[in-house]
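here is a sequence together with a model predicted from it:
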Amino acid sequence: MATITAETLQHIAALARLGLSPAQCAHYAEECAHILAFVEQLNGVDTTGITPMDHADHLETVWREDRLAPSTQADAILEGAPEREHRFFIVPQVIA
Amino acid sequence: MTTAYEAIIGLEVHAQLLTTSKLFCGCSTAFGAPPNSNICPVCTGQPGALPVLNQRAVEFAIRAGLALHCRIAPVSLFARKNYFYPDLPKGYQISQYDQPLCLGGHLDISCDGEAKRITILRIHMEEDAGKSTHDIGQATTSHVDLNRACVPLIEIVSGPDLRSPQEAGQYLRALRAILMYLHICDGNMEEGSLRCDANISIRPKGSTVFGTRTELKNLNSFRFLERALAYEIERQIDVVSAGGTVVQETLLWDEKRGRTLSMRSKEEAHDYRYFPDPDLPPLVVDDAMIGAIRAALPELPEAKMARYTGEFGLSAYDARVLTSEKALATFFEHAVTAHRAPKKIANWITTELLGRLNARGESFESLRITPPQLAGLVALVDEGTISGKMAKQVFDTMYATGEAPQAIIAREGLSQVSDSAALETMIDELLATQSAQVAAYRQGKTNLFGFFVGQIMKKTAGRANPALVNALLRKKLEEE
Ligand SMILES: [Zn+2]
């Protein structure tokens, strides 16, 4: 069965901005191993002659005309911010 | 640059498309609106909001692809590029990854008079991020404006074909001109409508292996691009010459200090974990759509150059200068329509007009002379109303005030004396008072001819038609 190291799991968690305790890490490592095992099972299927799917459903492009639909919710969105100044969202300094 | 090494440069150019609304929502793309006024649930990534693709943005991207001789993929995919940054509200950027819209084209540039073909690897569509400002108020916070979030961009990726900062500059200029010809980008580098990153490495001349490359960001003017590349080439050569190795990293150009700075980004920052965006079905474009866009393409610089040298008989140099910017080519063509003297008009534009603009550091947009006015000036010279010398004087006033040449000539009494009866009388009077010189001329001192011409010019304050004066003088001096 596929395995996933604690190190790999921590790396993926860091990319997703998730803080995991060692216990959680062990738990999710096991869950991920199950997912990988399923993918391995899928890899074993003979897909000769089958067109790869690009998407989960069979929709084709849905177009929108290039026309303004001015937002009426800008102020409501701003009000939802934990911190703001004038019309700016305020976040912790990102570049030193 | 040390001649033992050559530079390998590839550019990634982001161009903002001139659509009215954003890529996936109906918010305005207008620059300069109050912060966070053009935002909605879609472009701020509110839960449950769904993106719907702007058709014109796709048409614009295809226009760029066709103009750059790319193959347009009948099916391309939008993917999520995952990373965290405060100006990226969804936590991912919608971009295209392994199946972009346009593939495998080229752009011909001219460097030191020689043509060079630069490969275009791909053009893909993506949404822009918002804007973070780090220097307002407190040093512990950043200000985020999401007006720009989700504005449509194309990223044009060149092959590693550029060999010098100058070539990179030429490539970017040519690319910018084409995007502006196509009316799909305003080309404004100051406002960020056109942005450029560079991948750069060096290798010993003659080697075919690529060295370790660095990525240079923030090259947002032609000057920055060329200076930053020159600096980085030197830096890499110094590292290698001292026995070191170039480290693969992302560098930021600091124009104030004239150097590159390492962004010290963590390794994992580049682990974007792309995957197809489940909210967007595959982008399918059919031949009819591509055909219609191809049929509506405007005449591009290459074709214009061929027409100017062929139909108008311009030199390759003049043709290249006039087609380097759409506004310039349009000006030239309008002037030629008003007065069909393409070579003369081209000459006025490339020498007098561009000469003044360059000398004063003014932009073509600020020009006050109109094409019909310039055509009118050339016509007045051709008709003999004013001399070429006077025309330059008139041109100076036109350039400064934007007045029509006829008005300037009338006001300043500049028109040429082309009345042969009046000139004849003047010449008779002159010859009568200069009998000694006339006798000398007739005895063979023909170089006195210029003296007589000069006298007439003095009498008319330079306004006499020189060709007419010459003809009349010759006749008078030789008839007796
Ligand atoms: Zn929006």
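Received, thanks. Numbering: from 1, shown residues only, chains lettered A, B, ... in the order given.

and the residue of the stretch 101-250 of chain B found nearest the ion, what's its pLDDT?
Residue of the stretch 101-250 of chain B nearest the ion, by CB to the ion: residue B:150 (5.8 Å). The way it works is simple: take the backbone N, C-alpha and C, and place the C-beta from them, glycine included. Note on residue B:150: pLDDT of 98.

residue A:95 now?
pLDDT, residue A:95: 64.

partner residues bridging residue B:108?
Under the criterion DSSP bridges, residue B:108 forms beta bridges with residue B:117.

OK, contacts around it?
Contacts here follow CB atoms under 8 Å, 6 or more residues apart in numbering or on different chains; on that basis residue B:108 touches B:115-118, B:174, B:302.

who wins for most neighbours among those?
residue B:118 (24 neighbours; other CB atoms under 10 Å in any protein chain shown).

where does the stretch 251-400 of chain B have low pLDDT?
B:264-270 (pLDDT under 70).

list phi and psi for whichever residue of it sits closest to the ion.
Proximity of the stretch 251-400 of chain B to the ion (CB to the ion) peaks at residue B:279, 14.3 Å away. Torsion angles at residue B:279 (phi, psi; degrees, to the nearest 10) stand at phi -80, psi -10.

in stretch B:471-480, what counts as buried?
Neighbour counts using 16 or more other CB atoms under 10 Å in any protein chain shown place B:472-473, B:476-477 of stretch B:471-480 among the buried residues.

pLDDT score for residue 48?
Defaulting to chain A. Residue A:48 is given a pLDDT of 92.

if you could check chain B rather than the one you did, that'd help
92.

okay, and the residue in the stretch 1-150 of chain B that chain A sits nearest to sits in which element?
Nearest residue of the stretch 1-150 of chain B to chain A (CB to the nearest CB) works out as residue B:26 at 2.6 Å. In the assignment (DSSP states H and E), residue B:26 maps to no helix and no strand.

ok, residue A:53 next?
Of the helices and strands defined by DSSP H and E, none includes residue A:53.

tell me the secondary structure for the closest residue to chain B within chain A?
Using CB to the nearest CB, the single residue of chain A nearest to chain B is residue A:69, 2.6 Å away. Secondary structure, DSSP: H, G, I helix; E, B strand; the rest coil: residue A:69 is coil.

which residue packs closest to it, ignoring adjacent ones?
Leaving out its chain neighbours, the residue that sits closest to residue A:69 by CB to CB, 6 or more residues apart in numbering or on different chains is residue B:26, at 2.6 Å.

any idea how far the one you found is from residue B:144?
Distance from residue B:26 to residue B:144, counting by CB to CB, to the nearest Å: 22 Å.

neighbour count for the two, which is higher?
residue B:144 (25 against 21).

hang on, residue B:25 packs against residue B:43?
Yes. Using CB atoms under 8 Å, residue B:25 is in contact with residue B:43, at 5.1 Å.

so what sits against both of the two?
Both residue B:25 and residue B:43 are in contact with residue B:150, where contact means CB under 8 Å, 6+ apart.

kindly export the longest helix along chain B (C-alpha atoms) in PDB.
Counting by DSSP state H, the longest helix found in chain B is helix B:222-241. The C-alpha trace of helix B:222-241 is given here as PDB (Å, rounded to 0.1, in the frame of the first residue of the first chain):
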ATOM      1  CA  PHE B 222      12.100  49.700 -21.200                       C
ATOM      2  CA  ARG B 223      14.800  51.400 -19.200                       C
ATOM      3  CA  PHE B 224      14.400  49.200 -16.200                       C
ATOM      4  CA  LEU B 225      14.400  46.100 -18.400                       C
ATOM      5  CA  GLU B 226      17.600  47.000 -20.200                       C
ATOM      6  CA  ARG B 227      19.400  48.200 -17.100                       C
ATOM      7  CA  ALA B 228      18.300  45.300 -14.900                       C
ATOM      8  CA  LEU B 229      19.400  42.700 -17.500                       C
ATOM      9  CA  ALA B 230      22.700  44.400 -18.000                       C
ATOM     10  CA  TYR B 231      23.300  44.400 -14.200                       C
ATOM     11  CA  GLU B 232      22.200  40.800 -13.800                       C
ATOM     12  CA  ILE B 233      24.400  39.600 -16.700                       C
ATOM     13  CA  GLU B 234      27.400  41.300 -15.100                       C
ATOM     14  CA  ARG B 235      26.500  39.800 -11.700                       C
ATOM     15  CA  GLN B 236      26.200  36.300 -13.000                       C
ATOM     16  CA  ILE B 237      29.500  36.600 -14.900                       C
ATOM     17  CA  ASP B 238      31.200  37.900 -11.800                       C
ATOM     18  CA  VAL B 239      29.900  34.900  -9.800                       C
ATOM     19  CA  VAL B 240      31.000  32.400 -12.400                       C
ATOM     20  CA  SER B 241      34.400  34.000 -13.000                       C
END
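
what lines up beside the helix or strand just after that helix in the sheet?
Remark: after helix B:222-241, the chain's next helix or strand is strand B:250-254, criterion DSSP H and E. Using DSSP bridges, the strands paired with strand B:250-254 are strand B:214-217 (parallel), strand B:259-262 (antiparallel).

including distance to residue B:424, could the ones you listed go into JSON lines?
Output for the strands paired with strand B:250-254, formatted as JSON lines (distance: least, CB to CB, whole Å):
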{"stretch": "strand B:214-217", "distance to residue B:424": "72"}
{"stretch": "strand B:259-262", "distance to residue B:424": "73"}
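
deepest-packed of those strands, please.
strand B:214-217 (a mean of 20; mean count of other CB atoms under 10 Å in any protein chain shown).

could you tell me how far that one lies from the centre of the chain?
Chain-centre distance of strand B:214-217: 24 Å, with CA atoms, centre = their mean, to the nearest Å.

do stretch B:73-83 as well
30 Å.

tell me which residues in it are buried?
Going by neighbour count (16+ other CB under 10 Å), the buried part of stretch B:73-83 is B:73, B:76-83.

what is the nearest of those residues to residue A:89?
residue B:83 (17.9 Å; CB to CB).

nearest residue to the closest one in space, please, no chain neighbours.
Distances taken as CB to CB, 6+ apart place residue B:272 nearest to residue B:83, at 6.0 Å, with adjacent residues excluded.

what do you get for residue B:325?
Leaving aside its sequence neighbours, residue B:325 sits nearest to residue B:177 (CB to CB, 6+ apart; 5.9 Å).

need the three-state assignment for that neighbour.
helix.

cool, residue B:201 as well?
Assignment for residue B:201 (three-state DSSP): strand.

run a quick neighbour tally on it.
There are 21 residues near residue B:201, going by other CB under 10 Å.

contacts only, for it.
B:7-8, B:160, B:210-214, B:236, B:246.

make a PyMOL selection of the buried ones in those.
Applying 16+ other CB under 10 Å to the contacts of residue B:201 leaves a buried subset, and the PyMOL line that selects it is:
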select buried, chain B and resi 7+8+160+211+213+214+236+246
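
among the contacts of residue B:201, which are in helices?
Applying DSSP H to those, the entries found in helices are residue B:236.

distance to residue B:37 added to the contacts of residue B:201, as TSV?
Listed next are the contacts of residue B:201 as TSV, based on distance: CB to CB, whole Å:
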residue	distance to residue B:37
B:7	44
B:8	44
B:160	42
B:210	46
B:211	47
B:212	44
B:213	40
B:214	38
B:236	44
B:246	45
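
out of the contacts of residue B:201, which one sits closest to residue B:183?
Checking those one by one against residue B:183 (CB to CB), the nearest turns out to be residue B:160, at 29.9 Å.

residue ranges with poor pLDDT in chain A?
Counting by pLDDT under 70, chain A has low-confidence residues at A:1, A:95-96.

residues in contact with the residue in it positioned nearest to the ion?
As assessed by CB to the ion, the ion sits closest to residue A:71 within chain A, at 5.7 Å. By CB under 8 Å, 6+ apart, the residues touching residue A:71 are B:25-27, B:38-41.
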